[in-house]
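Novice: no sequence on this one, just coordinates:
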């Protein structure tokens, strides 16, 4: 049984939970290091990434109280619950009317059962980083969307409901990448005294991949395009901080963000400049 | 040797203090002082637009607790915008060793840190009737 099947099994479990509890707005599973394990079919991937970004600093400081076992946010119109099950974090977003006892009963029975079942089928699978179609191996591929599928941020929610395989094909099938394609990235801040203001940082692997597609030409610049239509050209360097690697992130100095009128967490398209 | 109470307080009041608000904040502080005596309560952080008060048993962890508290409030605001969940009422971050209960009361953001087995419902109840 391969990883996609595990991801599929978990996705079905999440969808079933939503079917049983229609008041649930969103469910997904992630690992402590920020890898997305599975999402329900209603939740767009960029939404999950934004949630994980929101949790990022909290998880960084979680050693103050010991590793996080559960988080509950109770707001006026709903609630977000995060619970740790088998070293994975399960998130549910519910409306104010939701019967949380029922939701908890369902999730605390169904998910551990699915996890146990998957562990019995292949004990290594849940511990590995390759459990899902949005796991560490495939998450960088999230960047390489087909332009027609996700040409605008607003269309992403619909795209999330479509099978994800087509979005992953470009990296597995080089024939689909005849020339460097524009890729989508989540903007992350980069700071420090010695940070050049004209340089962004992206995954080293992607730079190499672009170079390969361009028959070994060194890629030194990229064109950044926002969904608002603003563009700029700047230098690229590989990401230094391993926690941002393989997550579809572009680290961008504030000056460039200001020029493009964007901020941390927003999506941009990057295209290598071949000269 | 008796140790001094570890209270760090920063106050930058630029406008005249309104008596009503001051009274409300004072009563909140009284409640927090009472809560601090509850079993397992480690301390609290109280913040609003003009003041911040931190009272924790372990001063070495003040910064860590303060960052955890502010990041919880920030996360709550981001989640609220993302899923249209409305205003933050309270949040509970449970760790393996301790937990943090954060509550918004008016303009005040309060985080109470306590041991894992402490009764956070009792704390919440006391805060909500302040």
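Specialist: Okay, I see it. From a predicted model like this one, the values you see are computed outputs, not experimental measurements.

Novice: Okay, now the unreliable bits of chain B?
Specialist: For chain B, the stretches with pLDDT under 70 are B:1-23, B:129-130.

Novice: what ranges do the strands span in it?
Specialist: Taking DSSP state E, the strands of chain B run over residues B:7-11, B:41-47, B:51-56, B:88-95, B:98-105, B:108-115.

Novice: which residues in the stretch 101-250 of chain A form helices?
Specialist: Assigned helices in the stretch 101-250 of chain A, in chain order: A:156-161, A:165-172, A:204-213 (criterion: DSSP state H, counting those that start in this stretch).

Novice: Comparing those, which yields the minimum mean pLDDT?
Specialist: Comparing mean pLDDT across the helices of the stretch 101-250 of chain A, the lowest value falls on helix A:165-172: a mean of 39.

Novice: just checking, residue A:28 touches residue A:44?
Specialist: No. Look at residue A:28 against residue A:44 with CB atoms under 8 Å: they stay out of range, at 10.4 Å. In this view, the C-beta of every residue, glycine as well, is placed from N, C-alpha and C.

Novice: more neighbours, those two?
Specialist: Taking residue A:28 and residue A:44 together and counting by other CB atoms under 10 Å in any protein chain shown, residue A:28 has the greater number of neighbours (24 against 19).

Novice: So which bits of chain B are right by chain A?
Specialist: Chain B has residues B:61, B:64-65, B:67-68, B:71-72, B:74-76, B:78-80, B:82-100, B:113, B:116 near chain A, with proximity defined as CB under 8 Å from any CB of the partner chain.

Novice: again, 7 Å this time
Specialist: Neighbours of chain A within chain B, by CB under 7 Å from any CB of the partner chain: B:61, B:64-65, B:67-68, B:71-72, B:75-76, B:78-80, B:82-100.

Novice: Filter the residues you listed down to just the buried residues.
Specialist: Buried by 16 or more other CB atoms under 10 Å in any protein chain shown: B:61, B:64-65, B:68, B:71-72, B:75-76, B:78-80, B:82-83, B:85, B:88-95, B:98-100, out of these.

Novice: where in the stretch 51-200 of chain A is pLDDT low?
Specialist: A:122-182, A:193.

Novice: Going along the chain, name the strands of it.
Specialist: Secondary structure of the stretch 51-200 of chain A, counting by DSSP state E, counting those that start in this stretch: strands at A:68-75, A:78-85, A:88-95, A:183-189, A:199-202.

Novice: mind putting these in JSON lines, distance to residue B:52 and mean neighbour count included?
Specialist: Written out in JSON lines, the entries for those read as follows (distance: least, CB to CB, whole Å; neighbours: other CB atoms under 10 Å in any protein chain shown):
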{"stretch": "strand A:68-75", "distance to residue B:52": "22", "mean neighbour count": "21"}
{"stretch": "strand A:78-85", "distance to residue B:52": "26", "mean neighbour count": "20"}
{"stretch": "strand A:88-95", "distance to residue B:52": "30", "mean neighbour count": "22"}
{"stretch": "strand A:183-189", "distance to residue B:52": "25", "mean neighbour count": "21"}
{"stretch": "strand A:199-202", "distance to residue B:52": "35", "mean neighbour count": "23"}
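
Novice: Make JSON lines from those strands and add distance to residue A:264 to it.
Specialist: Compiled in JSON lines, the strands of the stretch 51-200 of chain A are given as follows (distance: least, CB to CB, whole Å):
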{"stretch": "strand A:68-75", "distance to residue A:264": "20"}
{"stretch": "strand A:78-85", "distance to residue A:264": "20"}
{"stretch": "strand A:88-95", "distance to residue A:264": "21"}
{"stretch": "strand A:183-189", "distance to residue A:264": "5"}
{"stretch": "strand A:199-202", "distance to residue A:264": "13"}
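
Novice: quick one on the thing from earlier: and the strands of chain B as a markdown table, adding distance to residue A:256?
Specialist: Supplementary listing: those in a markdown table, determined by distance: least, CB to CB, whole Å:
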| stretch | distance to residue A:256 |
| --- | --- |
| strand B:7-11 | 35 |
| strand B:41-47 | 33 |
| strand B:51-56 | 34 |
| strand B:88-95 | 32 |
| strand B:98-105 | 34 |
| strand B:108-115 | 33 |
